[in-house]
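> curious how this folds, go ahead:
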Amino acid sequence: MTLRFAGAAMSLAGILFIGRIAPVVAKKPEDIAFPPANSEELIKLAASAGAAWPIAHVLGLVAVVLVVFAYWRHGEALAKAGHERVGRIAAFIAATGFGLFAIALVIDGFVVYEAALRSMNNPADAALLKKAGDAHQLAILFFTPAMFGMFLAMGVLSSRMLHGYVHSRWLGVIGQIIAIAAITLYLTGLAGPHWDNMQTGGLAMMLGYLWHIIIGLAALFGRGVRVSA
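Below is the predicted model of the structure:
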């Protein structure tokens, strides 16, 4: 039952991570990029999104709570089955990484949004434009290591799957491939400095979220954890 609760939480978290941004993108003006290329585009996107902007970030915070809960449940289940160290390490890395993500979500969802609206209403005030841009850069400073932490946690947790201790060996292989590829892309700069190259960094993040959905389903309907001999 421990893993079944964790599975439901992890799958829902993955769905929220992927789907939460859709209402914002749906309201994106055609003349700006995603992610926004500069402060002016950021302000235009936030203002165009309206209430969808903070709502998307609140959904992200819900997803963070769910996925951290799921990792800790996995850690507890693995510990009871004789795999305490690795399970706890994965849970700690996940809590740290997604905790940083939560800080980024709060800054970007509320501080940036408030500054963007004020700047939109006072376009001649350069200080307001700078405030919105500076707040967004601060959020990115937390977001960048947060995603690195997510892939590290994936790599550690999937190592137990490779040995057949939990879920499926194939899911472990896929998790290792995604985690190693994503970290390599970031360290070589191909993912963008802040995971902002959508063809590489963005794809890696989507695959990471999708993996969490599948792992959640495996935990919800699978065989549980194998006890060490």
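> so for Ala52, what's the nearest residue that isn't a sequence neighbour?
Excluding the flanking residues, the one nearest Ala52 by C-beta to C-beta, 6 or more residues apart in numbering is Pro23, at 4.0 Å. C-beta: built from backbone N, CA, C; applies to glycine.
> pull the contacting residues for the one you found.
Ala49, Ala52, Ile55, Ala56 (C-beta atoms under 8 Å, 6 or more residues apart in numbering).
> residues near the first one, how many?
Okay, so that is Ala49. 22 (other C-beta atoms under 10 Å).
> how about the second one?
Summarising burial for Ala52: neighbours were counted as other C-beta under 10 Å, giving 18.
> tell me the buried residues in the lengthiest helix in the chain?
Taking DSSP state H as the criterion, the chain has its longest helix at helix 126-162. For helix 126-162, the neighbour count (16 or more other C-beta atoms under 10 Å) marks 128-129, 131-133, 135-136, 138-140, 142-144, 146-161 as buried.
> any weak-confidence spans in the chain?
Within the chain, the segments meeting pLDDT under 70 span 1, 164-165, 223-229.
> got the CA positions of stretch 132-141 in CSV?
Output of stretch 132-141 as CSV, limited to C-alpha atoms (Å, rounded to 0.1, in the frame of the first residue of the first chain):
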residue,chain,number,x,y,z
ALA,A,132,10.3,41.8,-13.5
GLY,A,133,13.4,40.7,-15.4
ASP,A,134,15.5,40.5,-12.2
ALA,A,135,12.9,38.4,-10.5
HIS,A,136,12.7,36.0,-13.4
GLN,A,137,16.5,35.6,-13.4
LEU,A,138,16.3,34.8,-9.7
ALA,A,139,13.7,32.1,-10.3
ILE,A,140,15.9,30.6,-13.0
LEU,A,141,18.8,30.4,-10.6
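> not counting its own residues, what contacts that stretch?
Contact partners of stretch 132-141, identified using C-beta under 8 Å, 6+ apart, comprise 38-39, 42-43, 46, 103-105, 107-108, 111-112, 115-116, 118-119, 194.
> and stretch 28-42, what's buried?
Lys28, Ile32, Pro35, Pro36, Ser39, Glu41, Leu42.
> once you drop chain neighbours, what's closest to the fourth one?
Of all residues not flanking Pro36 in the chain, Leu42 sits nearest, at 4.1 Å (C-beta to C-beta, 6+ apart).
> ok, then the element right after the helix or strand encompassing the one you found?
Assigned by DSSP states H and E, Leu42 belongs to helix 39-49. Downstream of helix 39-49, the first helix or strand assigned by DSSP H and E is helix 52-80.
> please spell out which residues along that following helix are buried.
52-54, 56-61, 63-64, 66-79.
> tell me what the helix or strand following it is packed against?
Using DSSP H and E, the helix or strand that follows helix 52-80 in sequence is helix 84-106. If contacts are counted by 3 or more C-beta pairs under 8 Å, 6 or more residues apart in numbering; DSSP states H and E, helix 84-106 sits against helix 52-80, helix 126-162.
> got the angle for helix 84-106 vs helix 126-162?
Helix 84-106 and helix 126-162 are oriented at 160 degrees to each other (axes from the mean of the first three to the mean of the last three C-alpha atoms, to 10 degrees).
> show me what the helix or strand following helix 84-106 is in contact with.
Proceeding N to C from helix 84-106, the next assigned helix or strand is helix 112-121, under DSSP H and E. The contact list for helix 112-121, computed with C-beta under 8 Å, 6+ apart, reads 42-44, 46-47, 53-54, 125, 128-129, 131-132, 135-136, 139.
> for helix 112-121, list every residue counted as buried.
Neighbour counts using 16+ other C-beta under 10 Å place Val112, Tyr113, Ala115, Ala116, Leu117, Arg118, Ser119, Met120 of helix 112-121 among the buried residues.
> lovely, talk soon.
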